[in-house]
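Asks: only the shape, not the letters, is given here:
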């Protein structure tokens with residue numbers, strides 16, 4: 001403490017000298033009194049941070065990546081240990097929360113299945129939407145319970161406590177609201193300390209279980225889309241040749257000679273055009289590897305076709321030879 005405030009010795013070298021707010025400085029008794037006053041003020045309003053309760057609180061904020069910033073190691077040895085502790089503890093904590101979340105989801109699914117069977121419902125299977133909905137309401141309930149408790153202990157409004165719970169359980173950890181930092185709560189309120197630790201760990205498990213469901217839902221949707229695309233051959237990707245390997249001709253006669261337009265045609269539309277026009281396709285078949293055909297469209301013929309005219313365009317395949 002004396003190293004932190006060297007100005008005290010310089011300004012008040014004599015025993016019993018007082019300065020401001022009646023604090024006695026100078027000598028052993030003066031330093032102890034000044035230390036007591038400083039510890040009661042911000043940012044040390046919680047008391048001594050590095051006793052067991054405060055250290056355990058700090059360790060939780062490290063391995064859960066909450067990181068309020070209310071306490072930090074000051075020595076080089078403490079900083080080195082904190083880095084190694086975080087490198088080892090954070091991955092293990094993430095794996096633990098993921099594993100607990102999966103088991104919670106499995107247990108909730110089992111309970112919901114039994115409940116549906118007990119109610120005599122025709123379909124007792126539990127859908128992913130049911131699980132996501134239950135997980136969402138579980139998160140809201142967890143946040144509300146924590147908000148009610150912290151608003152009582154910390155004398156915050158319900159909104160402030162709810163905000164603190166949300167910032168904590170999402171591991172954002174701004175540090176603008178930190179529990180256990182009033183009236184030396186870490187030393188004088190052990191039941192509140194125990195509740196805070198249990199709530200943070202339980203809440204992170206519930207949030208982790210819900211996020212696990214959301215990620216699984218998105219993965220299922222992506223797999224369903226890929227399966228649906230694989231079952232529709234008209235949506236399969238096909239190799240497309242460069243535009244320089246195709247030759248386009250105007251499809252109608254006109255006094256003007258506009259530039260033809262190359263329009264890609266899907267496999268289904270290509271087959272339909274072949275049947276209608278009798279135009280052979282390059283490759284002579286419909287096997288995989290046949291390049292996508294193109295229709296050469298003419299602005300005038302497009303207008304005439306919309307008015308009820310004749311042919312909209314013609315198909316041309318890849319050309320060979322020097323005239324291509």
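Replies: Cool, got the structure. Only a predicted model underlies this, so the values are computations on that prediction, with no experimental measurement involved. Residues are numbered from 1 along each chain as shown.
Asks: buried ones in the helix or strand hosting residue 159?
Replies: Using DSSP states H and E, residue 159 sits in helix 158-169. By 16 or more other Cβ atoms under 10 Å, the buried positions in helix 158-169 come out as 160, 161, 162, 163, 164, 165, 166, 167, 168, 169. Yep, even glycine has a C-beta here, placed from its N, CA and C like the rest.
Asks: of these, which is the nearest to residue 134?
Replies: residue 169 (17.4 Å; Cβ to Cβ).
Asks: could you report the neighbour count for the residue lying closest to the closest one once chain neighbours are set aside?
Replies: Take residue 169 and drop its neighbours on the chain: the residue closest to it by Cβ to Cβ, 6 or more residues apart in numbering is residue 203, 4.4 Å away. Residues lying near residue 203 (other Cβ atoms under 10 Å) number 20.
Asks: got a list of what residue 200 touches?
Replies: If a contact means Cβ atoms under 8 Å, 6 or more residues apart in numbering, then residue 200 has 60, 64, 66, 168, 169 as its contacts.
Asks: out of those residues, which is nearest to residue 109?
Replies: residue 169 (22.5 Å).
Asks: spit out the contact partners of the closest one.
Replies: Counted by Cβ under 8 Å, 6+ apart, residue 169 has contacts 142, 143, 146, 200, 203, 204, 206, 207.
Asks: got the contact list for the residue nearest to residue 169?
Replies: Here residue 203 is in contact with 142, 143, 146, 165, 168, 169 (criterion: Cβ under 8 Å, 6+ apart).
Asks: that's a helix at it, yeah?
Replies: Yes - per DSSP: H, G, I helix; E, B strand; the rest coil, residue 203 lies within a helix segment.
Asks: measure it to residue 85 for me?
Replies: To residue 85, residue 203 is 22 Å away according to Cβ to Cβ, to the nearest Å.
Asks: wait, is residue 149 part of a helix?
Replies: Yes - using three-state DSSP, the assignment for residue 149 is a helix.
Asks: what's the closest non-adjacent residue to it?
Replies: Using Cβ to Cβ, 6+ apart, the nearest residue to residue 149 is residue 195, at 6.6 Å.
Asks: tally of neighbours for the one you found?
Replies: 16.
Asks: quick one: pLDDT of it?
Replies: With respect to pLDDT, residue 195 has a value of 97.
Asks: I'd guessed it sits against residue 146; true?
Replies: No - Residue 195 is not in contact with residue 146 according to Cβ atoms under 8 Å; the separation is 9.4 Å.
Asks: element containing residue 49, please.
Replies: Using DSSP H and E, residue 49 falls outside every helix and strand.
Asks: which pLDDT value belongs to residue 50?
Replies: 87.
Asks: go on, residue 319?
Replies: 45.
Asks: pLDDT weak spots in this structure?
Replies: 1-28, 38-47, 233-324 (pLDDT under 70).
Asks: helices of that one, start to end?
Replies: Taking DSSP state H as the test, the helices found in the chain are 7-11, 27-40, 52-63, 76-118, 128-154, 158-169, 185-188, 190-231, 267-277, 299-306.
Asks: rewinding a little: next, format the contacts of residue 200 as a markdown table and append distance to residue 188.
Replies: Below are the contacts of residue 200 laid out as a markdown table (distance: Cβ to Cβ, whole Å):
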| residue | distance to residue 188 |
| --- | --- |
| 60 | 20 |
| 64 | 25 |
| 66 | 23 |
| 168 | 22 |
| 169 | 26 |
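Asks: which of these sits closest to residue 231?
Replies: Out of the contacts of residue 200, the member with the shortest distance to residue 231 (by Cβ to Cβ) is residue 169, at 41.3 Å.
Asks: what separation do you get for that closest one and residue 101?
Replies: In terms of Cβ to Cβ, residue 169 sits 13 Å off from residue 101.
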